[in-house]
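> coords please:
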Amino acid sequence: MIVFKDVLLCLAVVCIWGASFTVVKIGLDELPPLLFIACRFFVAAVPAIFFIPFPRTSIWNVVAIGTFLGIVKFGLLFVAMRQDASAGTASLLLQAQIFFTIFLSYLVFDEKVRLGQLTGIVFAVFGFLFFFLSIGGNVSNFGLMLLLGAALAWAIANIIMKGMVGVNLLHLMIWASLVPIVPMLVASHFLESSTPVSLILTLSPQGWASIIYMGYLATVVAYAIWGWLLSQYNSATVSPFALLIPIVGVAISSLYLDETFGRWEMMGMLLVMTGLVICVVDEKILSIYKLARIRFVRFRYKS
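Numbers count the residues shown, from 1 in each chain. As a prediction, the model looks like this:
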(Lines give C-alpha, C1' and ligand atoms only; values in the text may rest on other atoms or scores of the structure.)
Protein backbone atom coordinates (compact mmCIF):
# COMPACT_ATOMS: atom_id res chain seq x y z
CA MET A 1 0.00 0.00 0.00
CA ILE A 2 1.48 3.32 -1.05
CA VAL A 3 1.79 5.82 1.80
CA PHE A 4 0.34 9.32 1.64
CA LYS A 5 3.65 11.20 1.31
CA ASP A 6 4.60 9.00 -1.66
CA VAL A 7 1.21 9.69 -3.25
CA LEU A 8 2.12 13.38 -3.02
CA LEU A 9 5.46 12.63 -4.70
CA CYS A 10 3.64 10.81 -7.53
CA LEU A 11 1.32 13.77 -7.97
CA ALA A 12 4.29 16.17 -7.95
CA VAL A 13 5.90 14.27 -10.83
CA VAL A 14 2.59 14.17 -12.69
CA CYS A 15 2.24 17.94 -12.35
CA ILE A 16 5.86 18.54 -13.47
CA TRP A 17 5.48 16.35 -16.57
CA GLY A 18 1.94 17.53 -17.32
CA ALA A 19 2.96 21.20 -17.20
CA SER A 20 6.07 20.52 -19.31
CA PHE A 21 4.05 20.53 -22.55
CA THR A 22 2.92 24.10 -21.92
CA VAL A 23 6.49 25.04 -20.94
CA VAL A 24 7.77 23.56 -24.22
CA LYS A 25 5.22 25.56 -26.17
CA ILE A 26 6.44 28.74 -24.47
CA GLY A 27 10.10 27.91 -25.15
CA LEU A 28 9.41 27.19 -28.81
CA ASP A 29 8.21 30.77 -29.24
CA GLU A 30 11.84 31.86 -28.84
CA LEU A 31 13.95 28.89 -29.92
CA PRO A 32 13.65 26.48 -32.87
CA PRO A 33 12.90 22.87 -31.82
CA LEU A 34 16.30 21.22 -32.37
CA LEU A 35 18.22 23.99 -30.61
CA PHE A 36 15.74 23.86 -27.72
CA ILE A 37 16.40 20.10 -27.37
CA ALA A 38 20.18 20.62 -27.32
CA CYS A 39 19.88 23.30 -24.61
CA ARG A 40 17.44 21.22 -22.56
CA PHE A 41 19.72 18.17 -22.46
CA PHE A 42 22.84 20.25 -21.84
CA VAL A 43 21.20 21.62 -18.70
CA ALA A 44 20.17 18.10 -17.69
CA ALA A 45 23.64 16.59 -18.21
CA VAL A 46 25.97 19.37 -17.04
CA PRO A 47 27.17 19.53 -14.30
CA ALA A 48 25.31 16.41 -13.09
CA ILE A 49 27.60 13.96 -14.95
CA PHE A 50 30.52 15.08 -12.76
CA PHE A 51 28.70 13.89 -9.64
CA ILE A 52 26.55 11.00 -10.90
CA PRO A 53 28.26 7.66 -11.65
CA PHE A 54 27.82 5.97 -15.02
CA PRO A 55 24.82 3.60 -14.91
CA ARG A 56 25.47 -0.11 -14.45
CA THR A 57 24.85 -1.03 -18.06
CA SER A 58 26.71 -0.96 -21.37
CA ILE A 59 27.54 2.29 -23.10
CA TRP A 60 25.52 1.07 -26.09
CA ASN A 61 22.37 0.95 -23.97
CA VAL A 62 22.99 4.53 -22.85
CA VAL A 63 23.55 5.63 -26.46
CA ALA A 64 20.40 3.80 -27.57
CA ILE A 65 18.29 5.47 -24.87
CA GLY A 66 19.78 8.86 -25.67
CA THR A 67 19.07 8.33 -29.37
CA PHE A 68 15.49 7.10 -29.17
CA LEU A 69 14.41 9.39 -26.32
CA GLY A 70 16.58 12.46 -26.76
CA ILE A 71 16.92 12.64 -30.54
CA VAL A 72 13.96 10.81 -32.07
CA LYS A 73 11.20 11.18 -29.47
CA PHE A 74 11.85 14.78 -28.46
CA GLY A 75 12.89 15.74 -31.98
CA LEU A 76 9.53 14.64 -33.40
CA LEU A 77 7.61 15.98 -30.38
CA PHE A 78 9.16 19.45 -30.42
CA VAL A 79 8.86 19.79 -34.21
CA ALA A 80 5.18 18.82 -33.96
CA MET A 81 4.54 21.27 -31.13
CA ARG A 82 6.19 24.16 -32.99
CA GLN A 83 3.33 24.46 -35.50
CA ASP A 84 1.31 21.25 -35.87
CA ALA A 85 0.04 20.34 -32.38
CA SER A 86 -1.20 22.09 -29.26
CA ALA A 87 0.32 21.39 -25.85
CA GLY A 88 -2.78 19.64 -24.50
CA THR A 89 -3.21 17.40 -27.53
CA ALA A 90 0.49 16.47 -27.52
CA SER A 91 0.35 15.52 -23.82
CA LEU A 92 -2.42 13.04 -24.60
CA LEU A 93 -1.31 11.56 -27.91
CA LEU A 94 2.21 10.94 -26.64
CA GLN A 95 0.72 8.41 -24.23
CA ALA A 96 0.21 6.13 -27.23
CA GLN A 97 3.63 4.86 -26.10
CA ILE A 98 1.72 2.55 -23.73
CA PHE A 99 0.05 0.77 -26.65
CA PHE A 100 3.25 0.58 -28.68
CA THR A 101 5.09 -0.79 -25.64
CA ILE A 102 2.51 -3.56 -25.25
CA PHE A 103 2.83 -4.49 -28.93
CA LEU A 104 6.64 -4.41 -28.92
CA SER A 105 6.74 -6.47 -25.71
CA TYR A 106 4.70 -9.08 -27.54
CA LEU A 107 7.14 -9.11 -30.46
CA VAL A 108 10.40 -8.93 -28.49
CA PHE A 109 9.65 -10.71 -25.21
CA ASP A 110 6.74 -12.87 -26.39
CA GLU A 111 4.50 -11.34 -23.71
CA LYS A 112 0.85 -12.21 -24.15
CA VAL A 113 -1.56 -9.41 -25.01
CA ARG A 114 -4.45 -9.76 -22.58
CA LEU A 115 -8.06 -9.17 -23.56
CA GLY A 116 -8.22 -5.99 -21.47
CA GLN A 117 -5.13 -4.58 -23.19
CA LEU A 118 -6.52 -5.44 -26.62
CA THR A 119 -9.80 -3.74 -25.73
CA GLY A 120 -7.93 -0.62 -24.59
CA ILE A 121 -5.94 -0.53 -27.82
CA VAL A 122 -9.14 -0.75 -29.89
CA PHE A 123 -10.64 2.19 -27.99
CA ALA A 124 -7.48 4.24 -28.53
CA VAL A 125 -7.29 3.46 -32.26
CA PHE A 126 -10.82 4.81 -32.72
CA GLY A 127 -9.79 7.85 -30.65
CA PHE A 128 -6.85 8.55 -32.97
CA LEU A 129 -9.21 8.33 -35.96
CA PHE A 130 -11.26 11.17 -34.50
CA PHE A 131 -8.15 13.37 -34.48
CA PHE A 132 -7.75 12.73 -38.22
CA LEU A 133 -11.28 14.16 -38.59
CA SER A 134 -10.35 17.37 -36.73
CA ILE A 135 -8.36 18.93 -39.58
CA GLY A 136 -7.50 22.53 -38.75
CA GLY A 137 -8.01 21.95 -35.02
CA ASN A 138 -5.36 21.47 -32.35
CA VAL A 139 -3.35 18.99 -34.39
CA SER A 140 -2.73 18.60 -38.10
CA ASN A 141 -2.52 15.19 -39.75
CA PHE A 142 1.23 15.75 -40.13
CA GLY A 143 1.48 16.68 -36.45
CA LEU A 144 -0.48 13.58 -35.47
CA MET A 145 1.94 11.37 -37.39
CA LEU A 146 4.91 13.11 -35.75
CA LEU A 147 3.42 12.59 -32.28
CA LEU A 148 2.72 8.91 -32.96
CA GLY A 149 6.29 8.55 -34.22
CA ALA A 150 7.52 10.14 -30.98
CA ALA A 151 5.36 7.71 -28.99
CA LEU A 152 6.83 4.78 -30.94
CA ALA A 153 10.38 5.99 -30.23
CA TRP A 154 9.49 6.23 -26.53
CA ALA A 155 8.14 2.67 -26.64
CA ILE A 156 11.37 1.39 -28.22
CA ALA A 157 13.32 3.06 -25.40
CA ASN A 158 10.99 1.36 -22.92
CA ILE A 159 11.79 -2.03 -24.48
CA ILE A 160 15.53 -1.35 -24.23
CA MET A 161 15.14 -0.37 -20.56
CA LYS A 162 12.97 -3.41 -19.97
CA GLY A 163 15.97 -5.55 -20.87
CA MET A 164 18.15 -3.81 -18.25
CA VAL A 165 18.24 -5.16 -14.70
CA GLY A 166 19.06 -3.08 -11.64
CA VAL A 167 19.85 0.13 -13.54
CA ASN A 168 19.32 3.44 -11.70
CA LEU A 169 16.85 5.44 -13.79
CA LEU A 170 18.25 8.82 -12.76
CA HIS A 171 21.84 7.83 -13.59
CA LEU A 172 20.68 6.46 -16.94
CA MET A 173 18.76 9.61 -17.91
CA ILE A 174 21.57 12.00 -16.96
CA TRP A 175 24.22 10.15 -18.96
CA ALA A 176 21.83 9.52 -21.85
CA SER A 177 21.23 13.28 -21.93
CA LEU A 178 24.76 13.72 -23.29
CA VAL A 179 23.88 11.84 -26.49
CA PRO A 180 21.50 14.34 -28.19
CA ILE A 181 23.49 17.53 -27.49
CA VAL A 182 26.01 17.52 -30.36
CA PRO A 183 23.72 15.93 -33.01
CA MET A 184 20.96 18.43 -32.21
CA LEU A 185 23.38 21.39 -32.33
CA VAL A 186 24.75 20.26 -35.71
CA ALA A 187 21.27 19.61 -37.11
CA SER A 188 20.06 22.96 -35.80
CA HIS A 189 23.00 24.76 -37.44
CA PHE A 190 22.18 23.36 -40.88
CA LEU A 191 18.38 23.17 -40.66
CA GLU A 192 17.32 26.01 -38.37
CA SER A 193 19.87 28.78 -37.82
CA SER A 194 23.55 29.34 -38.55
CA THR A 195 23.77 31.60 -35.47
CA PRO A 196 22.51 29.45 -32.56
CA VAL A 197 24.66 31.30 -30.01
CA SER A 198 23.01 34.63 -30.80
CA LEU A 199 19.56 33.04 -30.40
CA ILE A 200 20.51 31.69 -26.99
CA LEU A 201 22.04 34.99 -25.83
CA THR A 202 18.89 36.92 -26.77
CA LEU A 203 16.56 34.63 -24.81
CA SER A 204 14.12 36.33 -22.47
CA PRO A 205 13.88 35.30 -18.79
CA GLN A 206 10.81 33.29 -19.77
CA GLY A 207 12.81 31.44 -22.44
CA TRP A 208 15.61 30.62 -19.99
CA ALA A 209 13.03 29.47 -17.45
CA SER A 210 11.54 27.02 -19.98
CA ILE A 211 15.00 25.51 -20.70
CA ILE A 212 15.84 25.20 -17.00
CA TYR A 213 12.42 23.72 -16.27
CA MET A 214 12.75 21.08 -19.00
CA GLY A 215 16.41 20.32 -18.36
CA TYR A 216 16.51 20.27 -14.59
CA LEU A 217 12.98 19.93 -13.19
CA ALA A 218 11.35 17.72 -15.86
CA THR A 219 14.45 15.53 -16.34
CA VAL A 220 16.72 15.42 -13.27
CA VAL A 221 14.23 16.06 -10.45
CA ALA A 222 11.20 14.25 -11.92
CA TYR A 223 13.14 11.16 -13.03
CA ALA A 224 14.93 11.01 -9.67
CA ILE A 225 11.61 10.94 -7.82
CA TRP A 226 9.98 8.56 -10.30
CA GLY A 227 12.94 6.19 -10.21
CA TRP A 228 12.89 6.16 -6.40
CA LEU A 229 9.15 5.44 -6.38
CA LEU A 230 9.63 2.53 -8.80
CA SER A 231 12.33 1.14 -6.51
CA GLN A 232 9.98 1.27 -3.52
CA TYR A 233 6.79 -0.04 -5.15
CA ASN A 234 5.90 -2.33 -8.05
CA SER A 235 5.12 -0.72 -11.39
CA ALA A 236 1.42 -1.65 -11.16
CA THR A 237 1.16 0.65 -8.11
CA VAL A 238 3.05 3.64 -9.56
CA SER A 239 2.26 3.54 -13.31
CA PRO A 240 -1.49 4.36 -13.04
CA PHE A 241 -0.54 7.84 -11.81
CA ALA A 242 0.92 8.50 -15.28
CA LEU A 243 -2.66 8.55 -16.60
CA LEU A 244 -3.05 11.92 -14.89
CA ILE A 245 -0.28 13.48 -17.03
CA PRO A 246 -2.47 14.22 -20.10
CA ILE A 247 -5.26 15.45 -17.82
CA VAL A 248 -2.87 17.93 -16.19
CA GLY A 249 -1.41 18.76 -19.62
CA VAL A 250 -4.82 19.56 -21.12
CA ALA A 251 -5.93 21.55 -18.05
CA ILE A 252 -2.79 23.73 -17.86
CA SER A 253 -2.69 24.37 -21.61
CA SER A 254 -6.34 25.39 -21.51
CA LEU A 255 -5.76 27.78 -18.62
CA TYR A 256 -2.39 29.25 -19.57
CA LEU A 257 -2.43 29.07 -23.38
CA ASP A 258 -6.21 29.44 -23.81
CA GLU A 259 -6.34 26.24 -25.87
CA THR A 260 -9.81 25.02 -26.74
CA PHE A 261 -10.86 21.68 -28.20
CA GLY A 262 -13.48 20.87 -30.81
CA ARG A 263 -16.14 18.17 -30.72
CA TRP A 264 -14.11 15.60 -32.65
CA GLU A 265 -11.04 16.24 -30.52
CA MET A 266 -12.99 15.89 -27.27
CA MET A 267 -14.45 12.59 -28.47
CA GLY A 268 -10.98 11.42 -29.51
CA MET A 269 -9.51 12.40 -26.14
CA LEU A 270 -12.27 10.52 -24.32
CA LEU A 271 -11.68 7.35 -26.32
CA VAL A 272 -7.88 7.50 -25.97
CA MET A 273 -8.11 8.11 -22.20
CA THR A 274 -10.60 5.23 -21.92
CA GLY A 275 -8.14 2.98 -23.74
CA LEU A 276 -5.27 4.07 -21.50
CA VAL A 277 -7.29 3.42 -18.33
CA ILE A 278 -8.36 -0.03 -19.54
CA CYS A 279 -4.76 -1.01 -20.36
CA VAL A 280 -3.28 0.19 -17.07
CA VAL A 281 -6.14 -0.98 -14.82
CA ASP A 282 -6.04 -4.37 -16.55
CA GLU A 283 -2.38 -4.73 -15.52
CA LYS A 284 -3.15 -3.69 -11.94
CA ILE A 285 -6.06 -6.13 -11.68
CA LEU A 286 -3.82 -8.92 -12.98
CA SER A 287 -1.17 -8.08 -10.37
CA ILE A 288 -3.76 -8.15 -7.58
CA TYR A 289 -5.10 -11.46 -8.89
CA LYS A 290 -1.62 -13.02 -8.94
CA LEU A 291 -0.90 -11.79 -5.40
CA ALA A 292 -4.23 -13.11 -4.12
CA ARG A 293 -3.62 -16.46 -5.80
CA ILE A 294 -0.16 -16.81 -4.22
CA ARG A 295 -1.54 -16.01 -0.78
CA PHE A 296 -4.40 -18.48 -1.26
CA VAL A 297 -1.97 -21.25 -2.24
CA ARG A 298 0.20 -20.49 0.80
CA PHE A 299 -2.87 -20.52 3.05
CA ARG A 300 -3.95 -23.92 1.70
CA TYR A 301 -0.42 -25.26 2.11
CA LYS A 302 -0.26 -24.17 5.77
CA SER A 303 -3.70 -25.60 6.39
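> any idea how far residue 85 is from residue 264?
15 Å (C-beta to C-beta, to the nearest Å). For every residue, glycine as well, the C-beta is placed using N, CA and C.
> so between those two, which is more surrounded?
A count of neighbours by other C-beta atoms under 10 Å puts residue 85 above the other of residue 264 and residue 85, at 27 against 16.
> I'd say that one and residue 145 touch.
No. Under the criterion of C-beta atoms under 8 Å, residue 85 is not in contact with residue 145, lying 10.4 Å apart.
> pull the contacting residues for residue 154.
Contacts here follow C-beta atoms under 8 Å, 6 or more residues apart in numbering; on that basis residue 154 touches 68, 69, 73, 94, 97, 100.
> ok, for the fourth one, nearest residue in space, not its chain neighbours?
Yep, that's residue 94 we're talking about. residue 151 (5.4 Å; C-beta to C-beta, 6 or more residues apart in numbering).
> spit out the contact partners of the one you found.
Here residue 151 is in contact with 73, 93, 94, 95, 96, 97, 100 (C-beta under 8 Å, 6+ apart).
> and the residues you listed, which is closest to residue 176?
For the contacts of residue 151, the closest approach to residue 176 (C-beta to C-beta) belongs to residue 73, at 11.4 Å.
> tally of neighbours for that closest one?
When neighbours are defined as other C-beta under 10 Å, residue 73 has 24 of them.
> wait, it sits on residue 147?
No. Contact criterion C-beta under 8 Å: residue 73 and residue 147 do not qualify, at 10.1 Å.
> picking that back up, of the contacts of residue 154, which belong to helices?
With helices defined by DSSP state H, the entries of these inside them are 97, 100.
> top of the contacts of residue 154 by number of neighbours, please.
The most crowded member of those, judged by other C-beta under 10 Å, is residue 69 (26 neighbours).
> so where's the stretch 151-300 of the chain uncertain?
For the stretch 151-300 of the chain, the stretches with pLDDT under 70 are 234-237, 279-300.
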